[in-house]
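Q: Can you look at this prediction? I've put the sequence above it.
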Amino acid sequence: MTAAAKRLHVITWGCQMNVYDSARMQDVLAPLGYAPSASAEGADMVILNTCHIRDKAAEKVFSELGRLRTLKQAKEAAGGRMVLAVAGCVAQAEGAEILARAPFVDVVLGPQTYHRLPELVARASRAAGAVIDTDFPAEDKFDHLPAPAAPHGPTAFLTVQEGCDKFCAFCVVPYTRGAEQSRPAAAVLAEARHLVAQGVREITLLGQNVNAWHGAPGGLGALIRQLAAVPGLDRIRYTTSHPRDMDDGLIAAHRDVPQLMPFLHLPVQSGSDRVLAAMNRRHTADDYLRLVERLRAARPDLALSSDFIVGHPGEQAADFRATLALVREVGFAQAYSFKYSPRPGTPAAAAPGQVTEAEKDARLQELQALLRAQQGAFNADCVGRSIEVLVTVPGRHPGQIAGRSPWLQPVHAAGPATLIGRIARVKITAANPNSLSATLVQPEHLQA
Ligand code: 5AD
Ligand code: SF4
């Protein structure tokens with residue numbers, strides 16, 4: 001037998017939490033000799049990390065599994081073996097169904113059990129049948145995952161919180177990701193220091209409901225203050241937040257902590273109080289507007305982003321107009337908007353007043369046109385300004401570099417690759433649909 005590395009291909013769908021989890025699954029499997037591979041073809045193990053939040057999640061999984069089955073059979077025909085694992089929220093919600101409909105799958109595991117992956121893989125290799133692990137174990141998965149491998153580039157995600165207790169009527173997350181769980185501050189700080197030591201300059205704290213973090217007194221605001229004291233950590237962000245959990249301490253952190261970037265993804269979902277109540281959001285449109293006022297008072301240059309759902313059960317034309325009115329009042333720098341999609345088992349799926357597809361389509365188009373215009377205006381407003389960009393990658397064209405503005409806009413400029421991993425001052429010269437063009441303002445120490 002040779003000691004050649006086994007090839008692991010991970011396919012990631014869905015949220016940043018899944019991106020983070022995929023990286024950790026690679027870390028967990030590295031000691032078993034699995035090295036990342038860019039392609040599923042011929043791989044020794046393929047993990048499909050799935051998302052259940054919208055659309056025909058299960059159908060998408062089964063169609064991808066069909067493709068992977070062909071590759072698995074090809075590998076077996078050549079005398080090899082491919083372990084096929086399905087992870088993530090579809091695995092959590094529909095584990096038994098997956099094994100029934102796709103018996104060639106070897107491992108099904110929910111988001112809370114990734115630390116058990118090596119054991120599951122070993123069991124799957126031994127057993128003839130597949131193994132399934134979608135329990136919510138008593139032990140904390142964070143305690144069992146190894147320290148992350150070297151990060152890729154100067155930005156990194158760091159999961160600080162998982163799960164959600166909010167039970168919005170439309171959402172599967174409380175069922176697939178379980179109850180709110182916070183990672184202790186000490187563990188978060190240790191991982192942050194580790195990342196910074198590897199060259200990371202910007203950390204985005206992740207959680208399904210990140211501002212409900214309660215791993216230490218003072219909540220997320222206090223954690224951010226502690227992170228800001230880590231030397232070399234220049235930028236801090238967090239996502240995704242619920243309006244109900246934006247406490248005074250967190251708002252004050254936006255005022256006091258310069259490393260906390262002036263961009264906040266704060267989903268409102270709807271601007272209609274009737275629909276917000278039907279959604280079980282437990283806040284009104286006015287609560288959201290007042291919150292935005294307080295945030296902007298704390299940090300005047302704060303840019304806001306949101307999620308919206310159109311066509312939630314019970315949404316009538318007047319409710320949709322209330323959403324448009326809220327959007328006009330706030331002015332978003334960017335946003336995501338979705339047509340309501342019934343998730344089996346959630347209260348909204350069985351609620352009266354389901355909206356027709358045609359109506360959802362029309363509302364989505366109207367909302368997206370308004371949001372696009374606001375994003376365009378926000379970007380256009382940046383032209384002529386001098387701002388700081390964290391340079392993260394080479395640009396698309398030779399001699400170019402690219403990175404992110406404080407407001408998370410992609411920015412590109414002509415410049416040397418030596419600036420990657422550094423914060424550069426640039427002047428914005430043009431706003432494009434999805435990015436900003438800039439010229440480098442020579443840093444002082446580079447000037448002749
Ligand atoms: N239908 C449409 N959009 C949804 N989201 C969550 N569940 C659904 C659903 N059933 C959206 C919400 C949430 C984002 C991550 O996905 O806007 O904030
Ligand atoms: Fe889902 Fe609502 Fe929890 Fe967000 S806050 S994850 S939308 S239940």
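A: Cool, the structure landed. Residues are numbered from 1 along each chain as shown. Ligands and ions are numbered 1, 2, ... in the order given.

Q: Quick check: Pro217 vs ligand 2, distance?
A: Using CB to the nearest ligand atom, to the nearest Å, Pro217 is found at 23 Å from ligand 2. (C-beta placed from N, C-alpha, C; glycine too.)

Q: In three-state terms, how would that residue be classified?
A: At Pro217 the chain is in coil, as set by DSSP: H, G, I helix; E, B strand; the rest coil.

Q: Point out where the stretch 151-300 of the chain drops to low pLDDT.
A: Scanning the stretch 151-300 of the chain for pLDDT under 70 picks out no residues.

Q: Per-residue pLDDT of the residue lying closest to Val28 once chain neighbours are set aside, please?
A: Leaving aside its chain neighbours, Val28 sits nearest to Leu117 (5.0 Å; criterion: CB to CB, 6 or more residues apart in numbering). Looking at Leu117, its pLDDT reads 83.

Q: Quick one: classify Arg7 as helix, strand or coil.
A: When classified by three-state DSSP, Arg7 comes out as strand.

Q: right, and it touches Ala43 too?
A: Yes. Using CB atoms under 8 Å, Arg7 makes contact with Ala43 at a distance of 4.5 Å.

Q: The two: who's more crowded?
A: Ala43 (25 against 20; other CB atoms under 10 Å).

Q: quick one: contacts for that one?
A: Applying CB atoms under 8 Å, 6 or more residues apart in numbering to Ala43 gives the contacts Arg7, Leu8, His9, Ser37, Leu71, Lys75, Met82.

Q: The same query, at a cut-off of 6 Å, please.
A: Shown in contact with Ala43 (CB atoms under 6 Å, 6 or more residues apart in numbering): Arg7, His9, Ser37.

Q: which residues does the closest residue to the first one other than its chain neighbours contact?
A: If the residues on either side of it in the chain are set aside, Arg7 comes closest to Ser37, at 3.8 Å by CB to CB, 6+ apart. Contact criterion CB under 6 Å, 6+ apart gives Arg7, His9, Ala43 as the residues in contact with Ser37.

Q: Closest one to Ser272 out of these, please.
A: Of all those, Ser272 sits closest to His9, with 44.1 Å by CB to CB.

Q: for that closest one, what are its contacts?
A: Taking CB under 6 Å, 6+ apart as the test, what His9 contacts is Ser37, Ala40, Ala43, Val46.

Q: what pairs with the last one across the strands?
A: What it means is Val46. Val46 has these beta-bridge partners by DSSP bridges: His9, Leu84.

Q: from what I can see it touches Leu84, true?
A: Yes. In this structure Val46 lies within contact range of Leu84 using CB atoms under 6 Å: 5.4 Å.

Q: what about stretch 222-234, how long is it end to end?
A: Criterion CA to CA, to the nearest Å; first-to-last residue distance in stretch 222-234 is 17 Å.

Q: buried residues in that stretch?
A: Buried residues in stretch 222-234, counted by 16 or more other CB atoms under 10 Å: Ala222, Leu223, Ile224, Arg225, Leu227, Ala228, Val230, Leu233, Asp234.

Q: Which residue ranges make up each domain of this structure?
A: The record's domain parsing of the chain by automatic domain parsing lists 6-133, 142-381, 386-445.

Q: As a markdown table, the ones you listed with distance to ligand 1 would be great.
A: Output for the domains of the chain, formatted as a markdown table (distance: least, CB to the nearest ligand atom, whole Å):
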| stretch | distance to ligand 1 |
| --- | --- |
| domain 6-133 | 5 |
| domain 142-381 | 3 |
| domain 386-445 | 17 |
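
Q: Could I get the phi/psi values of Pro153?
A: Slight slip there: residue 153 is Gly, not Pro. Gly153 adopts backbone torsions of phi 90, psi -180, taken as degrees, to the nearest 10.

Q: quick one, what contacts the closest residue to it other than its chain neighbours?
A: In space, and not counting its chain neighbours, Gly153 is closest to Thr392: 5.4 Å by CB to CB, 6+ apart. Contacts for Thr392 (CB under 6 Å, 6+ apart) come out as Gly153, Pro154, Thr155, Gly403.

Q: So which of those sit within strands?
A: Under the assignment DSSP state E, the contacts of Thr392 contribute Thr155, Gly403 to strands.

Q: who wins for most neighbours among the contacts of Thr392?
A: Neighbour counts for the contacts of Thr392 (other CB under 10 Å) peak at Gly403, which has 29 neighbours.

Q: Next, give phi and psi for Pro313.
A: In terms of degrees, to the nearest 10, the main-chain angles of Pro313 are phi -50, psi 130.

Q: pretty sure Ala186 is in a helix, no?
A: Yes. Counting by three-state DSSP, Ala186 is part of a helix.

Q: in stretch 69-81, what's buried?
A: Using 16+ other CB under 10 Å as the test for burial, stretch 69-81 gives Arg69, Leu71, Lys72, Lys75.

Q: Export it to PDB, keeping only CA atoms.
A: Provided in PDB are the C-alpha atoms of stretch 69-81 (Å, rounded to 0.1, in the frame of the first residue of the first chain):
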ATOM      1  CA  ARG A  69     -23.400   8.100  -8.600                       C
ATOM      2  CA  THR A  70     -22.100   7.800 -12.100                       C
ATOM      3  CA  LEU A  71     -18.600   9.000 -10.900                       C
ATOM      4  CA  LYS A  72     -18.800   6.500  -8.000                       C
ATOM      5  CA  GLN A  73     -19.700   3.700 -10.300                       C
ATOM      6  CA  ALA A  74     -16.800   4.600 -12.700                       C
ATOM      7  CA  LYS A  75     -14.400   4.600  -9.800                       C
ATOM      8  CA  GLU A  76     -15.700   1.200  -8.600                       C
ATOM      9  CA  ALA A  77     -15.400  -0.200 -12.200                       C
ATOM     10  CA  ALA A  78     -11.700   0.800 -12.100                       C
ATOM     11  CA  GLY A  79     -11.300  -1.100  -8.900                       C
ATOM     12  CA  GLY A  80     -11.400   1.900  -6.500                       C
ATOM     13  CA  ARG A  81     -13.900   3.100  -4.000                       C
END
